[in-house]
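*Asks:* Here's my sequence, what's the structure:
(chains A and B)
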Amino acid sequence: DTEVTQTPKHLVMGMTNKKSLKCEQHMGHRAMYWYKQKAKKPPELMFVYSYEKLSINESVPSRFSPECPNSSLLNLHLHALQPEDSALYLCASSQDRDRGSPLHFGNGTRLTVT
Amino acid sequence: GDSVTQMEGPVTLSEEAFLTINCTYTATGYPSLFWYVQYPGEGLQLLLKATKADDKGSNKGFEATYRKETTSFHLEKGSVQVSDSAVYFCALSQYSSASKIIFGSGTRLSIRP
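*Replies:* A predicted model of the protein is given here:
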């Protein structure tokens, strides 16, 4: 069982919809991440929160809006997405931002934009 | 910039065969090195890691040694099982930008019974 929980597992949305992806961890980790993974590709970093503050935004379009309500929760708000945004969205956490601290991933949300 | 290069897949082996997946990196300084595994329909899981030269990471019968002289971190297993079928990612992180883990392109491994 994964220690990082993501909901929903699957999401289909139209281009005019607004939806949110949710992520939760109870390991006391202080860094949380959103990644996007296309088929047969490695994960691509989108956002990093460190101690509940946004520390990295990898030039992600504004139709993706992250939120970190507390140290255990991470949301990704979606609005006016494009079909090319269809992908697996992975949440991850780590003890902190130290280089030796491994990432713990959730099982992802498979997003389809129609 | 920093980068990770993995051998192209897919790799198909018979059960109990010896496995090697090559990984080389380009980086300044002394990055930490990782192998992650992704089973079908799941997220990535840390398989093993090494944080300094000559360290050997090991887990579930898999091993990899941090070789600074050859800038390599090859993954090996002496006897693979069908349950090892997955995609394997080599990755590195730098002290100066620890949040930016750089992944290799991934190697798909299929094991025949």
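*Asks:* any chance you could read off phi and psi for the nearest residue to A:Ser50 once chain neighbours are set aside?
*Replies:* In this structure, A:Ser50 finds its nearest non-sequential neighbour in A:Ala31, 5.0 Å apart by C-beta to C-beta, 6 or more residues apart in numbering or on different chains. No exception for glycine: its C-beta is placed from N, CA and C like everyone else's. Backbone geometry at A:Ala31, expressed as degrees, to the nearest 10, gives phi -120, psi 130.
*Asks:* A:Ala31: how many residues sit nearby?
*Replies:* 23 (other C-beta atoms under 10 Å in any protein chain shown).
*Asks:* Check B:Ile111 too.
*Replies:* With other C-beta under 10 Å as criterion, B:Ile111 counts 19.
*Asks:* Specify the beta-bridge partners of it.
*Replies:* B:Leu13 (DSSP bridges).
*Asks:* In contact with the residue sitting nearest the centre point of chain A: list those residues for me.
*Replies:* Centroid-nearest residue in chain A, with C-alpha atoms, centre = their mean: A:Trp34, separated by 2.9 Å. A:Trp34 makes contact with A:Cys23, A:Leu45, A:Met46, A:Phe47, A:Phe64, A:Pro66, A:Leu74, A:Leu76, A:Tyr89, A:Leu90, A:Cys91, according to C-beta atoms under 8 Å, 6 or more residues apart in numbering or on different chains.
*Asks:* can you list the weak-confidence ranges in chain A?
*Replies:* Across chain A, the ranges flagged by pLDDT under 70 are A:1-2, A:97-100.
*Asks:* filter the contacts of A:Trp34 to the buried ones?
*Replies:* Neighbour-count burial (16 or more other C-beta atoms under 10 Å in any protein chain shown) applied to the contacts of A:Trp34 gives A:Cys23, A:Leu45, A:Met46, A:Phe47, A:Phe64, A:Pro66, A:Leu74, A:Leu76, A:Tyr89, A:Leu90, A:Cys91.
*Asks:* does the residue nearest to the centre of chain A have beta-bridge partners, and which?
*Replies:* Here A:Trp34, judged by DSSP bridges, has bridge partners A:Phe47, A:Cys91.
*Asks:* ok, now how distant is it from chain B?
*Replies:* Separation of A:Trp34 from chain B (C-beta to the nearest C-beta, to the nearest Å): 12 Å.
*Asks:* So A:Ser101 versus chain B, what's the distance?
*Replies:* Separation of A:Ser101 from chain B (C-beta to the nearest C-beta): 7 Å.
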